[in-house]
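build me a model from this:
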Amino acid sequence: MKFIKGYTGYIICLCLLLSTVSLSVLIYEKYKTNNEIITINTINNYREEKISNITYPVFGIKSIDNKINNVIEAYKDKENVKISYNMYLTEESLSLFFEINDNNRFSYRNVDYDIKNNKLLDNLIDYNIYKDIILEKVKYKYKTDIYNSIVNDNFSNASYKINDEGVYFYFNDSLFGDLIYRVYVYLPNENTAEVFDQNYDKVIAFTFDDGPSEYTMEIVNALVLNNSKATFFELGNRMKYNQEIVKQVLANGMEIGSHTYAHKNLNKLSESEIDNEINSTNIIFNEITGDNIKLTRPPYGNSNDLVKARMNTPLIAWNIDTNDWLYRDSEYVYNHIIDNVQSGDIILMHDIYPETVEAVKKALPHLNALGYKVTTVSELARIQNRTLENGVVYRSLKAN
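Now for the predicted structure:
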């Protein structure tokens, strides 16, 4: 009996111990589940605080709040610093994107949190997955120096802003010298059209003469990636042998006008010779596209009374000449555009020079940042409420 009593006591103690362990596990699992629910609820009920021009969220979650404080701490006492943020929340993760504008110097930071496992993340997005497509977009959107800097940096100065349609990838401008605009590319979700977040209050037309050439599509790609368009005044004798480029230019939303067949000075030609330069180009364009030429730019901008009388389209000149053919200097062309541009301007360039390609890649994002929409001559006329008449020369298209 004494043995049985002792054995029974041992069994009872063991059962009590196992019960205690089981109860502890249940309590832990219940706490863990409740903790996840509380975390999600806390995130959904965050509050905002503001110090000067700095607005930031407070979640009441120590690890997240400490990380956010680390982002803004260095800027709390600085003047003219603006910090804005974007939040993207799912059931499993929180992604915060901070844009820091320090006297027109832009930098970016991410704060990411794994809700399911209650821990901070170094990165929610794996750059390696998107590397090739990001670099391809950067190559066509921005000048070569910017592309090379991002390649050499290998995304160590990159950040991302997520929304339901896709992901924006931003790059700290400390990589690029004295830039005063944001460098970013946008990757939309599959089957989702690209969305751009610029707000435009000014509009201008980019025009390119003498193509199509080996550089035309690089300019077109830069325009597309900067949510922009342009009018290409092409030569008939070049369109004839570059028909696929002509089709691709139009397929990407650009406009094509006539620059005559062989770039002759129309003012020195007879009536029949003028007609031949114009009509042969229109025939070639119609054979390629099934459409007719709607705008003409006479070579050298020359159009006397006879030329005007023979035209069955408006004549498009320009009021900003970049002289890209003369200087062959991308920085000169870029600066000339930025220093002189006003809403309603028609800007002359040529899509046959590599330096012009680089100037366009640099100018487009800067113009967007300044509030300019870059578009075709016809769209500029429509936006500015201007009606274009046949045989009339237009040097700019200011609003009526």
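
and the closest residue to residue 162 other than its chain neighbours, what does it touch?
Computed as CB to CB, 6 or more residues apart in numbering, the closest residue to residue 162 that is not its neighbour in sequence is residue 88, at 4.2 Å. Where you see a C-beta, it was placed from the backbone N, CA and C, and this is true even at glycine. By CB atoms under 8 Å, 6 or more residues apart in numbering, the contact list for residue 88 reads 94-97, 161-163.

taking those residues one by one, which sit in strands?
When those are checked against strands (DSSP state E), the matches are 94-97, 161-162.

ok, these vs residue 300, which is closest?
Distance from residue 300 was checked for each of those by CB to CB. The minimum falls on residue 161, at 47.1 Å.

about what we covered before: dump the ones in strands among the contacts of residue 88 to a markdown table, plus neighbour count.
As requested, the ones in strands among the contacts of residue 88 are arranged in a markdown table below (neighbours: other CB atoms under 10 Å):
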| residue | neighbour count |
| --- | --- |
| 94 | 24 |
| 95 | 21 |
| 96 | 24 |
| 97 | 22 |
| 161 | 23 |
| 162 | 21 |
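
what's the local residue count around the residue lying closest to residue 375 once chain neighbours are set aside?
Nearest in space to residue 375, with sequence neighbours left out and distances taken as CB to CB, 6+ apart, is residue 229 at 4.7 Å. Residue 229 is flanked by 22 other residues according to other CB atoms under 10 Å.

doesn't residue 229 belong to a helix?
No. Assignment of residue 229 by DSSP: H, G, I helix; E, B strand; the rest coil gives coil, placing it outside any helix.

residue contacts, it?
Counted by CB under 8 Å, 6+ apart, residue 229 has contacts 206, 223, 253-255, 374-376, 379.

any regions of the chain where pLDDT drops low?
Counting by pLDDT under 70, the low-confidence segments of the chain come to 1-39, 191, 193, 195-198.

show me where it has its helices.
2-44, 62-72, 127-141, 144-153, 216-225, 236-239, 243-251, 271-289, 305-310, 324-327, 330-340, 354-369, 377-383 (DSSP state H).

of these, which is nearest residue 52?
When the helices of the chain are compared by CB to CB, helix 62-72 sits nearest residue 52, at 10.5 Å.

which neighbouring elements make contact with the closest one?
Counting contacts by 3 or more CB pairs under 8 Å, 6 or more residues apart in numbering; DSSP states H and E, helix 62-72 packs against strand 54-58, strand 93-102, strand 106-114, strand 119-121.

please repeat the previous calculation with a cut-off of 10 Å.
Contacting helix 62-72 under the criterion 3 or more CB pairs under 10 Å, 6 or more residues apart in numbering; DSSP states H and E are the following elements: helix 2-44, strand 47-51, strand 54-58, strand 81-89, strand 93-102, strand 106-114, strand 119-121.

can you count the residues close to the residue lying closest to residue 102 once chain neighbours are set aside?
Distances taken as CB to CB, 6+ apart put residue 81 closest to residue 102, at 5.0 Å, once the chain neighbours are dropped. Residue 81 sits with 18 neighbouring residues when counted by other CB under 10 Å.

and the gap between residue 76 and residue 65?
When CB to CB, to the nearest Å is the yardstick, residue 76 and residue 65 sit 15 Å from each other.

which of those two has more residues huddled nearby?
More neighbours surround residue 65 than the other of residue 76 and residue 65, with 16 against 12 (other CB under 10 Å).

my guess is residue 233 contacts residue 256. True?
Yes. A contact is recorded between residue 233 and residue 256 when judged using CB atoms under 10 Å, the distance being 7.8 Å.

those two: which has the busier surroundings?
With other CB under 10 Å as the criterion, residue 233 and residue 256 differ in neighbour count, and residue 233 comes out ahead with 26 against 23.

what's across from that one in the sheet?
In this structure, residue 233 bridges to residue 209, residue 257 when assessed by DSSP bridges.

gap between it and residue 110?
Applying CB to CB, one obtains 45 Å for the distance of residue 233 from residue 110.

quick revisit: can I get the ones in strands among the contacts of residue 88 in CSV including distance to residue 395?
Below are those laid out as CSV (distance: CB to CB, whole Å):
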residue, distance to residue 395
94, 54
95, 49
96, 49
97, 44
161, 41
162, 45
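
what's the farthest-apart pair in those residues?
Spanning the widest gap among the ones in strands among the contacts of residue 88 are 94 and 161, at 13.4 Å by CB to CB.

can you pull the contacts of the residue nearest to residue 102?
Applying CB atoms under 10 Å, 6 or more residues apart in numbering, one finds that residue 81 lies in contact with 52-54, 72, 74-75, 100-103, 105.

mark which of the residues you listed are buried, thanks.
Neighbour counting with 16 or more other CB atoms under 10 Å marks 54, 72, 75, 100-102 as buried within the contacts of residue 81.

pick out the most distant pair among these.
Pairwise distances among the buried ones among the contacts of residue 81 were taken by CB to CB; the largest, 12.7 Å, belongs to 72 and 101.

residues shared between the contacts of these two?
Taking CB under 10 Å, 6+ apart as the criterion, residue 72 and residue 101 both touch 81, 83.

show me this structure divided up by domain.
Domain ranges of the chain: 52-121, 127-188, 202-394, per automatic domain parsing.

can you get me the start-to-end distance on the longest one?
The separation between the terminal residues of domain 202-394, taken as CA to CA, to the nearest Å, is 19 Å.

tell me the gap between it and the middle of its chain.
Average the C-alpha atoms of domain 202-394, do the same for its chain, and the two points are 23 Å apart (CA atoms, centre = their mean, to the nearest Å).

same question, stretch 89-105
The gap between the average C-alpha position of stretch 89-105 and the chain average comes to 18 Å, counting by CA atoms, centre = their mean.

now stretch 201-214
On the basis of CA atoms, centre = their mean, stretch 201-214 is displaced by 18 Å from the centre of the chain it belongs to.
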